[in-house]
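In: need a 3D model of the following:
(chains A, B, C and D)
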Number of protein chains: 2
Amino acid sequence: MATIKDVAQAAGVAPSTVSYVLSGSRKISAETRAAVQAAVDELGYHPNAGARSLRSTRTDVLALALPLSGTGYLPVGGRFMYGLSEAAGKHGYLVLLVTPPGSGDAGAGLERAARSRFADAAVLMGVEMEDPRVAAMRALDFPVALIGHPADESAAPWTDLDWEESALASVRALRDAGHRRVLYLATVEEDVGTGRTYSVRGIRGAARAAAELAAHVDVCHSSGDPAELYRRLDARFDSADPPTALAVQHPAAIPGILRHLAARGVQVPRDVSLVAVGSFPEDLGGLDVTRIELPVAEMSAAVTRLAAEAVEAAGDPGRAGGDSAPHRLIPPRMIRGSTVAPAP
Amino acid sequence: MATIKDVAQAAGVAPSTVSYVLSGSRKISAETRAAVQAAVDELGYHPNAGARSLRSTRTDVLALALPLSGTGYLPVGGRFMYGLSEAAGKHGYLVLLVTPPGSGDAGAGLERAARSRFADAAVLMGVEMEDPRVAAMRALDFPVALIGHPADESAAPWTDLDWEESALASVRALRDAGHRRVLYLATVEEDVGTGRTYSVRGIRGAARAAAELAAHVDVCHSSGDPAELYRRLDARFDSADPPTALAVQHPAAIPGILRHLAARGVQVPRDVSLVAVGSFPEDLGGLDVTRIELPVAEMSAAVTRLAAEAVEAAGDPGRAGGDSAPHRLIPPRMIRGSTVAPAP
DNA sequence: CTGAAAGCGCTTACAG
DNA sequence: CTGAAAGCGCTTACAG
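Out: Numbers count the residues shown, from 1 in each chain, chains lettered A, B, ... in the order given. Okay, here's the model as predicted:
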C-alpha cells in the first residue's frame, strides 16, 4: 500500500507537505497542491488509519453500542445501524458495532472500544433511565450521544422521539373518536423491567392520558411470546367492560394481534380501533394502520450531530465539562390510517 | 488513558515485557506475569488500537460491506449485522460498517476502508454473480469473504444458502402434494437485474424444477411496490389456467400476499398452497408458513471463519494466492408449516 | 528469563 | 511558501 513517503517522492515534495495538502491546514501554492493531488490520485493513496489515529487521536469512527437483544433479533436495531451508518457517513465517520447480543456484560465491548480508542465517540442504543454506561464513559472521558431520553437530561447529549407525547397523542386520537376505554399495550416487559427510556416514558404518557383526558386507560405489558400476549389481550376483551380501542407500543406484534382479534370475531376498526406508537413501515406488513412512526433517519442524523459535537468539545477544554448537555426531543406526528373509527 | 509505559512502571518491568505478557508470545516467569496482570487490571489498560495496528498491521476489525439498498431498508441487512457482529466477536473481531446505503459508488467506502487499513478483511453482502468488488479487493491484496455464491467459485472464499436447491426443494414439496402449476415468485426485479447471486440461483433452481419435476413452473419477479406485485399476481390468477401453488422468494411480502389473496376469496392452503424460500421469523409476522429459513447465524459463523482464515493466509506467503478458495454451501432445510395442502 | 532499541506512518510544532 | 525532525504507543527482532 502506498504511504505518504511514496506520494511525497512522486510529487517531489516533503512528506509533511503532502500531509498539509491533504488536511488543508496550511496555505500551499497551486502548483504544489496540484502535483501532490496528482500523485495521490495516481497511487490511490489513503492515509493509514492506525498511524493517523495514533498521531492525531482521531479515528473518524463512531462506535454504536447495541442493546443486548434478550428477546432475539430487534428490527429496530437493524434500522438504526443503517440509519446511523448513512448519517455518520455524511459527517465523514464510519460506524463500528460493539456489544454484540449474547455477550455477557452489556458494557464490556463498549469499554474495550473506548479504552483502546477504536472510536472517537459512542452512540448508545437501548438506553435505560439510569444507564450505567453513561457514567462509565464519562469516567474514561469518552464522548457519548444517546438514542434515548434518560432521567438525567444533562448527563449526556441525547435525542429521542417524544414517547410520552406519543402515547398521549395516540390516546387522544382515540378519545377524540369517542373511545372511553383504551387499552395501552406497552413494550415487552423485559424493556419495562430494565427501564428502557422509551418503555418508561410511553407508560408515563399513557398515565397522563388517563389523568388529562377523562378516559380509562388500562396499561398492559406486551410479551415476546405471542401466545402469552394473546392471553393477556383475551383477558381484557373477555372482561365485563372490554376496551373499544388499542394503542400499541409494540408495533411488530400488530399483524399478529389483528389476526388474533379477527379469529375472535373482532374486526378493526369496526369493533375496535387501533393506533401504532413508534412503528416503521416493515413492522406493519403493508397494513394501513393509524400510527406515529419512529423517525429513524431524523434520530440518526441528530445523534450523529450530537456525537460529532461531543468529539469537538472533548478536544476543546473550554467547552468540555459544562453541566448541561444538548438534546433534541422529536415531537410525534400522527399518520392517519384506516384503523380508527368512531366508538360504537 | 493508561499506556504500556504506565503498566510497565507500575509492574516494575520493561514495556516490552508487558507486551510479551499480553501477547503470550514469549515465556514469562509466573511472578512477572502476575505483577503485569495486576497492573493491567488496576489501570484498566487496553492497548491503543491505532498503535497496535500501525505496528502489527492487524486491526482485529472486519469490514462489513453492505449492499446499496435501492429499495429502501433491507431487513436481511440488519439480520446479518447482528449475526456477523456476534460471530465476529467470538473470534475477537469487531465489525465496521461500510458503504452505507445512499452513497454514490457501491465500492467507494469499501475501497477507502481497505486502503486505509481500517480492517483486516471485508465481508461482502449483496454479492453479484460477477462482483467487481472481488477483483478490486484482490488488486489491493485485501482479504475478503462473501455472503453469496458467485459465478467464479474460486475467486474468493464464500458461503451461502444453496438457493438453487432451495428453490428446487420448495417446488418439489408442492409437486409432491400434487400441484402441477406452480408460480415461483422470485426476488424483486432490481435484484434480478443486478445479478444478485441469491436471485439468479433461485430462478435457476425454479427452472431446474420445471425440467426435472414435470411441473409447470411460471417464474414471476416480485416488486417492492405492493400494488404492482398484486397486479402481477392477479394476472396469473385471472388466467385460464391459474397456479394452485406459490413458492415465494420474497418472504417479507408474504403477509401482504395472503391478505391480497384473501380479499380475492382465495384461502391458503384451501385454494392455494404456499412455501416461503429464505425467510426469517420476523418476515412472516407469526404466520405458520411452510418454509426454508435463511440460516443467518450459520452463515455469519461460516463467513467469519472464512474471513479469519483469509487474514491468516494473507500473512503467510506460502498459503496465499492459491487458485482455489474454500467455501461452505448450506443445504436447505424445509420446515413444515400449515400452508401446503394437497392440490384440489 | 528479561531489556533496550528500532521503526510502523502519520501530524504538527519548530525553523527558515 | 516549504522542509527536517520529534514523537504518538505499540511489537519484535537483537542482545544478553
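
In: a helix runs through A:Lys5, doesn't it?
Out: Yes: under DSSP: H, G, I helix; E, B strand; the rest coil, A:Lys5 sits within a helix.

In: quick one: contacts for the spatially closest residue to it that is not a sequence neighbour?
Out: Nearest in space to A:Lys5, with sequence neighbours left out and distances taken as C-beta to C-beta, 6 or more residues apart in numbering or on different chains, is A:Pro15 at 5.6 Å. Heads up, the C-betas are built off the backbone N, CA and C, glycines and all. Residues near A:Pro15 by C-beta atoms under 8 Å, 6 or more residues apart in numbering or on different chains: A:4-5, A:7-8.

In: who's in contact with A:Ala51?
Out: A:Ala51 touches B:50, B:54, counting by C-beta under 8 Å, 6+ apart.

In: helix, strand or coil: sort out it for me.
Out: helix.

In: distance check, it against B:Gly50.
Out: 7 Å (C-beta to C-beta, to the nearest Å).

In: A:Ser279 now?
Out: Using C-beta to C-beta, A:Ser279 is found at 41 Å from B:Gly50.

In: how is chain A carved up into domains?
Out: A:4-47, A:61-161+A:297-330, A:163-295 (automatic domain parsing).

In: and these, which one averages the lowest pLDDT?
Out: Note on those: lowest mean pLDDT is at domain A:61-161+A:297-330, with a mean of 87.

In: and that domain, anywhere near chain B?
Out: Yes: counting by C-beta under 8 Å from any C-beta of the partner chain, chain B has neighbours in domain A:61-161+A:297-330: A:61, A:66, A:69, A:73, A:75, A:77-79, A:81-82, A:85-86, A:88-89, A:94-98, A:100-103, A:109, A:111-113, A:115-118, A:140.

In: helices along the stretch 101-250 of chain A, start to end?
Out: A:108-115, A:132-139, A:163-176, A:189-193, A:197-213, A:226-237 (DSSP state H, counting those that start in this stretch).

In: look up how far chain B lies from the residue minimising distance to the centre of chain A.
Out: Closest residue to the average C-alpha location of chain A: A:Ile147 at 4.3 Å, with C-alpha atoms, centre = their mean. Using C-beta to the nearest C-beta, to the nearest Å, we find A:Ile147 at a distance of 15 Å from chain B.

In: contacts only, for that residue.
Out: Contacts of A:Ile147 by C-beta under 8 Å, 6+ apart are A:80, A:123-125, A:127, A:158-160, A:299, A:303.

In: swap in A:Gly315?
Out: So, once contact is read as C-beta under 8 Å, 6+ apart, A:Gly315 ends up touching nothing.

In: all strands for chain A, in order.
Out: Counting by DSSP state E, one finds strands in chain A at the ranges A:61-65, A:94-98, A:121-124, A:144-147, A:158-161, A:181-188, A:216-222, A:245-248, A:273-279, A:290-293, A:327-330, A:334-335.

In: sheet-wise, list the partners of the shortest one with their directions.
Out: Going back to what we said before, that points to strand A:334-335. strand A:290-293 (antiparallel) (DSSP bridges).

In: distance check, the closest residue to A:Glu42 other than its chain neighbours against B:Ile28.
Out: In this structure, A:Glu42 finds its nearest non-sequential neighbour in A:Ala10, 6.6 Å apart by C-beta to C-beta, 6+ apart. As judged by C-beta to C-beta, A:Ala10 and B:Ile28 stand 45 Å apart.

In: in the stretch 151-300 of chain A, which residue sits nearest DNA strand C?
Out: Residue nearest to DNA strand C within the stretch 151-300 of chain A (C-beta to the nearest atom of the strand): A:Pro157, separated by 23.9 Å.

In: list the residues that contact that residue.
Out: For A:Pro157, the contacting residues are A:144-146, A:306-307, A:309-310, A:325-327, by C-beta under 8 Å, 6+ apart.

In: kindly recompute the last result at 10 Å.
Out: Residues near A:Pro157 by C-beta atoms under 10 Å, 6 or more residues apart in numbering or on different chains: A:121, A:143-146, A:302-303, A:305-307, A:309-310, A:313, A:324-328.

In: which among those residues end up buried?
Out: The neighbour-count criterion (16 or more other C-beta atoms under 10 Å in any protein chain shown) marks A:121, A:143-146, A:302-303, A:305-307, A:309-310, A:313, A:325-327 among these as buried.

In: and which of these is nearest to A:Val268?
Out: A:Ala302 (33.4 Å; C-beta to C-beta).

In: what sits against A:Ala39?
Out: A:2, A:6-13, A:18, A:21, A:45.

In: with A:Val268 instead?
Out: A:245-246, A:254, A:257-258, A:261-262, A:274, A:287, A:289, A:338-341.

In: one more: A:Ala10?
Out: A:2, A:18, A:35-36, A:38-40, A:42-43, A:45.

In: which of those residues are buried?
Out: A:2, A:18, A:35-36, A:39-40, A:43, A:45.

In: now, these that are in helices?
Out: Among the buried ones among the contacts of A:Ala10, the residues falling in helices (DSSP state H) are A:18, A:35-36, A:39-40, A:43.

In: and which of the residues you listed is nearest to A:Leu294?
Out: Using C-beta to C-beta, those come closest to A:Leu294 at A:Val40, 41.6 Å.

In: contacts only, for the closest residue to that closest one other than its chain neighbours.
Out: Spatial nearest neighbour of A:Val40, chain neighbours left out: A:Val7 (5.7 Å); criterion: C-beta to C-beta, 6+ apart. Contacts of A:Val7 were listed using C-beta under 10 Å, 6+ apart, and they are A:13, A:15, A:17-19, A:21-22, A:35-43, A:45, A:47.

In: cutoff 6 Å now
Out: Shown in contact with A:Val7 (C-beta atoms under 6 Å, 6 or more residues apart in numbering or on different chains): A:18, A:39-40, A:43, A:45.

In: what's the farthest-apart pair in these?
Out: A:Val18 and A:Leu43 (10.7 Å).

In: could you point out the longest helix in chain A?
Out: From DSSP H, the single longest helix across chain A is helix A:296-315.
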